[in-house]
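Q: next one to model:
(chains A and B)
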Amino acid sequence: MTVTAPVLQVRLLAPVAGAQALTPLLEALVEPGEPFSAERRETLSRLSRAILQDAGLRADAASVALGYWLRRANVDRLAQDFDRRRAAAPETVFVPVGRVFHVAPGNVDTLFVYSWALAYLCGNLNVVRVSGQPSDVLARLLGVLSAQMEDDAELARGDRFITYEHDQAISEALSRWATHRVVWGGDDTVALFRGLPLSAHASERTFGSKFSYSVLAAAAYLAASEEAVDRLAAGFFNDVFWFDQMACSSPHLVFWIGPADRMDAALDRFHGALSREIERRRHRGAAASALHRLSFVFDLACETDLRAELAHPEFLAVRLPDGAVWRREACGGGLFTHVRADDVTQVAAFGQPHDQTVTHFGLSPAELATLARQAGTRGVDRLVPIGEALAFDTTWDGYDLIGDFLRRVTVRAGPQG
Amino acid sequence: MPSASLDALLAAGPYALPQAEKRAILVERTRELTRWHYERCELYGHLVDRIFGGRRALEFDRLEDAPYLPVSLFKTRELRSVASGEVVKTLTSSGTTGQAVSRIHLDAATAQLQSRTLVKIMQHVLGVERRPMVFLDHAGVVRDRRSFSARGAGILGLLPFGRQPFYALRDDMALDLDGLEAYLASTRGQRPVFFGFTFMVWQYFVEALERLGRRLSLPGAILLHSGGWKKLEALRVSPDEFRRRAQAVTGIETVTNYYGMVEQVGSVYLENARHCLQAPGVSDVIVRDTNTLEPLPPGQAGLLQVVSALPMSYPGHSLLTEDLGVVEGCDDPATGMHGQYFRILGRLPRAELRGCSDTFQKPAPVPA
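A: Residues are numbered from 1 along each chain as shown, chains lettered A, B, ... in the order given. Predicted structure coming up:
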């Protein structure tokens, strides 16, 4: 009697083909490319144009940001960084890490493209597992990739975008195949994959759940011009609302550095500017978001001495009085908690290992350096101006992603002749 | 607590007061109740202080400006305005398995107020004479008399309006057709009242009779049902289809729905001749924009807030529900009923905030 293993089936999304057996799909992926080759750079800039020309994607701010990130000038900048990396290591030849298995998160539809694009630039073969949750943006991005595969042989040969329901056997097979696994998608997903062995020679990068917050200097904010305050509101809006405040780098807490008697004025100005921005963009969140925020705040208010303002459309502002215990509450959908602090040291003391992005305004270079050192030691990975929370960077959660996707071959020449 | 406004609402009868007059009295009563709970329920006091701006929130001139609680709060917090020793009954919502349930604490005064009000409202459809009563449920649902599910509470609330109660389902939910026919034979000519939860009526009575190919002939009887359309919506059964097929298979002409919730027992909303839900004198609805939570005028759909003059032992007099609805009109001469009437448009979908960690979540189990 022969026992045949069940055929593992995944749904191929780009190139579009529907249900596919996993084994032949993986066997077809051979021969990685050359890091930062002209062809690979061209592929990304063509993708950039296709994304920016797609009517549906043009209406989605996060996709537009992705389109800009993939454009030639930015890819060339990454290539120059790579040249500098090579120049700094004359005895190293950089080769692709090989076969990369990407597990994309379920909440940020554009993220899988960033993760893939960097690995692709580095010359790797890629299998990207995207979320099975229906999303128009995701479908359009995959459509753009599929279309390009029709006349881009290198892309079509080495890259597969797939999805599958939670299936341990498929995740295991992909993990065995990979020489590098990158897991986005929070603590639960990371824990799930940590249990699945990689090849003894493979490496891994994981991105767990993160918490992010904002820090503003109250005096600087109150002294800022109307235009500066409006620009800041637009930036804060992007940071919070692009992904329903569910992205890891979206702020939930807003720290105000300054004396107690400036808080009312600062918050009034802040809420007024944000309301104008919401009005200007005619932003309407999901129907259930308002009740979700409200129920969350009522429950929170049962045990926390807070002050809430229900009057603002599309967001709910909670203020903790001085002396109240600062809490890490991530509700999502437009809820943020204002707290006052005396200085950045007090803010930094709040730090935890899973902190990620601090978005800031009005801090002096010295204050930023102090916060970076003190909060960074405890966990924070990046401090960026308000409005740049979601801007993707090749350094993410403190890790060098380009470095992850390359392998270093040391070469020392011997005596000649 | 003696209350002139409550007395005025109760004395007038459920559908006698024109909307404007009723609103004025209900605002006064709601102010009374808001203050009452503010002073007696510590948690409610905290919430008014922390979310509605404190004591100044106790003074309002429009019902729309009264503080409210999201109805889900009764699932996570114990909200009580009387000492625990005063509680005579604790009601719980039905809720699907594994979900948190609301817990509503009643003292004798509130329980009595609720049943007194329910009598007045139910007499409007059932008349004053007590008629044989058939419950489309099994007897086990009312066995524990200290703690009731919403289904049990609904049945116990109706019990006083009938006599010779008969439970038409067996413990396994199968229709006891032989028993029912014997019961109907013994009460022939007495126009029985049938009562059950909408979904139970549909699945275990209407569909069961259809499957058996049996048609009853009960021209003078009444079928009352309540309990939400969520499950019927999933089966794509509209209120019209429910009524039509129930009428066809039972011969009952009067098929009447009512809207109520365990958090506001007593002040229920009966289906009127327009097939809309009619607010009785002791309660009213406010429709709010789902995004801004601002009150909306009649004709515009939004989240339903329900205000009731009755709850005294728990702060449930002003609640924001998760139901969507629209006010269709008020003081309609065609129905002969005063007050606002509205339609329910379904349940607000749960917030679909996607966390980064949900990539590999197993699909959520479908509620039973």
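Q: make it CA atoms for all contacts and neighbour counts henceforth
A: Fine.
Q: quick check: domain ranges of chain A?
A: A:9-208+A:397-410, A:211-392 (automatic domain parsing).
Q: next helix or strand past the longest strand along chain B?
A: For chain B, the strand that runs over the most residues, judged by DSSP state E, is strand B:318-332. Counting by DSSP states H and E, the next helix or strand C-terminal to strand B:318-332 is strand B:337-347.
Q: how far away from the center of its chain is that following strand?
A: In terms of CA atoms, centre = their mean, to the nearest Å, the centre of strand B:337-347 is found 12 Å from the chain centre.
Q: and that strand, what's buried?
A: Under the neighbour-count criterion of 16 or more other CA atoms under 10 Å in any protein chain shown, strand B:337-347 has B:337-344, B:347 buried.
Q: which helix or strand contains the residue of the stretch 201-350 of chain B found nearest chain A?
A: Scanning the stretch 201-350 of chain B for proximity to chain A using CA to the nearest CA identifies B:T292 as nearest, at 4.6 Å. Here B:T292 is covered by no helix or strand, with elements defined by DSSP H and E.
Q: OK, contacts around the nearest residue to it once chain neighbours are set aside?
A: In space, and not counting its chain neighbours, B:T292 is closest to A:P313: 4.6 Å by CA to CA, 6 or more residues apart in numbering or on different chains. Residues counted as contacts of A:P313 (CA atoms under 8 Å, 6 or more residues apart in numbering or on different chains) are A:275, B:291-293.
Q: contacts only, for residue 327.
A: Here I'm looking at chain A. Contacts of A:R327 by CA under 8 Å, 6+ apart: none found.
Q: chain B, not that one
A: Applying CA under 8 Å, 6+ apart, the residues contacting B:V327 are B:287, B:297-301, B:340-343.
Q: wait, A:G185 sits on A:K210?
A: No. In this structure, A:G185 is not within contact of A:K210 by CA atoms under 8 Å, at 10.1 Å.
Q: just want to know which of those two has more residues nearby.
A: A:G185 (26 against 21; other CA atoms under 10 Å in any protein chain shown).
Q: phi, psi of A:D299?
A: Dihedral angles of A:D299 (phi, psi; degrees, to the nearest 10) stand at phi -70, psi -40.
Q: that one: how many residues sit nearby?
A: A:D299, neighbours per other CA under 10 Å, totals 17.
Q: what separation do you get for it and B:E78?
A: Per CA to CA, to the nearest Å, A:D299 is found 11 Å from B:E78.
Q: again, but for A:A273
A: For A:A273, the distance to B:E78 - CA to CA - is 38 Å.
Q: name the residue in these two with the higher neighbour count.
A: A:A273 (19 against 14).
Q: checking my notes, the more buried one in a helix, right?
A: Yes. Judged by DSSP: H, G, I helix; E, B strand; the rest coil, A:A273 forms part of a helix.
Q: surely it meets A:D230?
A: Yes. Contact between A:A273 and A:D230 holds when scored by CA under 8 Å: they sit 5.9 Å apart.
Q: surely B:L156 is in contact with B:R143?
A: No. The criterion here is CA under 8 Å, and B:L156 misses it with B:R143 at 10.4 Å.
Q: higher neighbour count, the two?
A: B:L156 (16 against 11).
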